[in-house]
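[1] Below are the sequence and a predicted model for it; my questions follow.
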Amino acid sequence: MRLFLAAALMLACTTARAQQNPPTLAPALAPLGFLLGDWSGGGNTADGGTARGTSTIQAVAGGGGLLRRDHTDLMGKDGRPVPGAGFDQIMLIYPQDGTMHANYLDGQHTIHYTGAQVTAGESVTFLADATPATPGFRLGYTKVDAGTLHVKFEMLPPGAPGYMIVAEGDVKRRK
C-alpha cells in the first residue's frame, strides 16, 4: 500500500511539474507549438455526415517530435452514430533534413507526409504526394484563436484534377 501511495504521489508531482514547465520543442518544431494541447470538436464529412472526437498533441522524445493521439466517431446524415465507425488514430510529426514530416496510422490506413507548409505559430499544412496508385493528401491546421484550431483534411485521388475535402471542422482546447 505504501509503495502504491508513493508511486501515486510521484506521478502527481511529475504531472504538476510538467504542467508548470511545458516541454521545450526542438527549434524546427517550435513554429508548431500552437498545436500542443488537449482538443475536442467536430465538423462535416464528404458524405454529408459529421465527425466528432478528441485529440491530444504532446511533445515527445525530448521535444524532438510531436505525437497526436485521436479518437473519432462518425455520424450519418441523420446525426446518429454510424455503428462500428469510431476509430483511433496516431500521427508522429518530426523534422528531418530541413523538412517537416509526419506519419499517420489509424489501423487500416497509413499516410506518409513528406513535407509541410508552415506559417510560424499560425498554421501548418502537411502534404503527402499522390502517385499513380495512391491518392495525395493535405492536412491543415489553422489557429483561429488561442483556444480554437480549424482542421481541414483533403484527398487528391489519382488522376483527379484537384483536391476534395474529406472532413473539415473546428476543435476547441479542453485544457
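    Looks like it arrived, so ask away. Worth saying up front: this structure is predicted, and the values here are computed from it rather than measured.

[2] so Gly43, which of the three states?
    Classification of Gly43 using DSSP: H, G, I helix; E, B strand; the rest coil returns strand.

[3] helix/strand/coil for Lys77?
    Classification of Lys77 by three-state DSSP places it in coil.

[4] swap that for Met100, please
    Here Met100 takes the strand state, with states given by three-state DSSP.

[5] Any idea how many residues pack against the residue nearest to it when sequence neighbours are not counted?
    The spatially closest residue to Met100, leaving aside those adjacent along the chain, is Ala116, at 3.7 Å (CB to CB, 6 or more residues apart in numbering). Glycine gets a C-beta too; all of them are placed from N, C-alpha and C. The burial metric for Ala116, expressed as a neighbour count using other CB atoms under 10 Å, is 21.

[6] Paired strands for the helix or strand that contains Ala116, with orientation please.
    Ala116 is part of strand 115-119, with elements assigned from DSSP states H and E. Strand partners for strand 115-119, identified by DSSP bridges, are recorded as strand 123-128 (antiparallel).

[7] From what I see, the residue nearest to Met100 and Leu127 are in contact.
    Yes - under the contact definition of CB atoms under 8 Å, Ala116 touches Leu127, with a separation of 6.4 Å.

[8] Spell out the residue ranges of the helices in this structure.
    Listed in chain order, the helices of the chain (DSSP state H) span 2-20.

[9] can you pull the contacts of the residue nearest in space to the middle of the chain?
    With distances taken as CA atoms, centre = their mean, the residue of the chain nearest its centroid is Arg68 (4.7 Å). For Arg68, the contacting residues are Leu35, Ser55, Thr56, Ile57, Gln89, Ile90, Met91, Leu92, Ile93, by CB atoms under 8 Å, 6 or more residues apart in numbering.

[10] got a list of what the first one touches?
    Residues touching Leu35, when contacts are defined by CB under 8 Å, 6+ apart, comprise Ile57, Leu66, Arg68, Val124, Tyr141, Leu149.

[11] quick one: pLDDT of it?
    With respect to pLDDT, Leu35 scores 97.

[12] coming back round to it: what subset of the contacts of Arg68 is buried?
    The neighbour-count criterion (16 or more other CB atoms under 10 Å) marks Leu35, Ser55, Thr56, Ile57, Gln89, Met91, Ile93 among these as buried.

[13] Setting aside sequence neighbours, what's the nearest residue to the fifth one?
    In space, Gln89 comes closest to Asp106 once its chain neighbours are excluded; the distance is 4.0 Å by CB to CB, 6+ apart.

[14] my guess is the one you found meets Asp88, correct?
    Yes - using CB under 8 Å as the test, Asp106 is close enough to Asp88 to be in contact (6.9 Å).
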